[in-house]
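In: The sequence and its predicted three-dimensional model are supplied below.
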Amino acid sequence: MNKIAYFVTEDWTFVEHRLDLAKRMVQEGWDVLLLTRVSRYRDVIEKEGIRVIPIPLSRKRLNPLKEFFLLLFLIRVFNREKPDLLHAVGLKPNVYGAVIVRLCRIKGAIFSVAGFGTAFSSNRFLKSCATRIYRFSFSVENSAVIVQNKEDFRLLSADLIARRGQGVLIRGSGVDTTRFQPAPERSGVPTLLFASRMLRDKGLLELLEASCQLIRWNIAHRLILVGRCDPDNPTSLTEEEIKIWTRQPHIEWWGYRDDMDDIFRGCHIVALPSYHEGLPKVLLEAMASGRAVVATDIPGIREVVDHEHNGLLVPVRDVHALASALQMLLISPELRARLGRAGREIVEKGFGVEFLADEHLKLYRRLLAVGESEIRIEELREHDTRLR
């Protein structure tokens, strides 16, 4: 039986973005292991036949002594479990995974990058540091690097990898199109939905300001915020900050919800005015649900939103443009319906969860075949040396 170890920062991230893929691997007969920081989803994950090993990993702090002991702990786990493949997701798992693969006998490694973020769009020093870190991680033999959009793939191929064919474009983790289905809009005041972590980098403040601008323009609507605060992320709003905004009678915060399919059915428009993205699953789920979307004109979002075909794109941090785009949709049910139908078609053609799971499985099998060949060659060399 082949064994794969997923290494992800948070269990809720795994549930939202990798659980369907891991379930597919279990169905294929693989032994599936998850190393992650556990919050509340261990039972949900283990119910699917996936073993969970909790790890004390922090995305925010960098304590050299704690990081050293974490690395020792990880090495012990991997030497004991002996997975055939490692699939690391996120910057810290990618870096630690690169060390682990070098020290432990692992046939192949997959490094997933959700998006290169601000490190490659800010000052030159930060970009240089990020480039060195990524190059170290991606220099592992028999490894692949997955990115989610074409622009990140071009950056990866030009600056961050050395071997031809190492970079792989797989556009997200897929959407369950049977769960997220179109439904007629509900009557009443139009509802605008923001479903993500409560982060400034997701354009939340711009959306809140745009919503208030719409009220000043006498455009009736409700703005529903769905998602958690993220104290480990420096751009997260606090609960107190969000509660100040919800004093406005048209703004509500529902926190984290598991019933997103029903929430999409209850809204009219989904907005994500983010500063940077890999490939946002929330937009795919909204499109699968037949809802029109408004988002920023950036890499990752451009991968799934075609302006005026299945959604509207606006410049980053432009409150007036965002309010104008939302106004256009709020006053036109016909435009919302046309964009929603086009979005559903796009998801059905290329973003279904089974299709993207197939893409991952092909990659796993290719790396596993190469890794097994390399190990056999190494064993033959060792045997030849002993004979001599």
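Out: Yep, that arrived.

In: List the contacts of the closest residue to Leu193 other than its chain neighbours.
Out: Distances taken as CB to CB, 6 or more residues apart in numbering place Cys267 nearest to Leu193, at 3.9 Å, with adjacent residues excluded. Backbone N, C-alpha and C define where each C-beta goes, glycine included. Cys267 is in contact with 191-193, 224, 291, counting by CB atoms under 8 Å, 6 or more residues apart in numbering.

In: can you pull up the bridge partners for the nearest residue to Leu272 once chain neighbours are set aside?
Out: Nearest non-adjacent residue to Leu272, counting by CB to CB, 6+ apart: Ala295, 4.6 Å away. Residues in a beta bridge with Ala295, per DSSP bridges, are Leu272, Leu313.

In: any idea how the protein splits into domains?
Out: 3-174+352-387, 191-350 (automatic domain parsing).

In: tell me the secondary structure for Glu303?
Out: With DSSP: H, G, I helix; E, B strand; the rest coil as the basis, Glu303 sits in coil.

In: thought it was touching Ile170?
Out: No. At 11.5 Å, Glu303 and Ile170 do not qualify as touching, with contact defined as CB atoms under 8 Å.

In: so Glu252 is in which element?
Out: strand 251-255 (DSSP states H and E).

In: which other residues reach that strand?
Out: Contacts for strand 251-255 (CB under 8 Å, 6+ apart): 198, 208, 211, 222-228, 242-243, 245-246, 263.

In: rerun at 10 Å
Out: For strand 251-255, contacts defined as CB atoms under 10 Å, 6 or more residues apart in numbering pick out 191-195, 198, 207-208, 211-212, 215, 222-229, 237, 239, 242-243, 245-246, 263.

In: Kindly supply the ChimeraX command isolating those of those that are buried.
Out: A single ChimeraX command selects the buried members of these (16 or more other CB atoms under 10 Å):
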select :191,192,193,194,195,198,207,208,211,212,215,222,223,224,225,226,227,229,237,242,245,263
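
In: Now Val8: which helix or strand?
Out: strand 3-10.

In: Now the element after that strand, going C-ward?
Out: helix 11-17.

In: Please identify the buried residues of that next one?
Out: 11-15, 17.

In: Which residues does that helix contact?
Out: 6-8, 10, 19, 21-22, 34-42, 44-45, 48, 50, 52, 54, 59, 89-90, 112, 114, 172-174, 197, 228, 230, 256, 258, 260, 278, 281-282.
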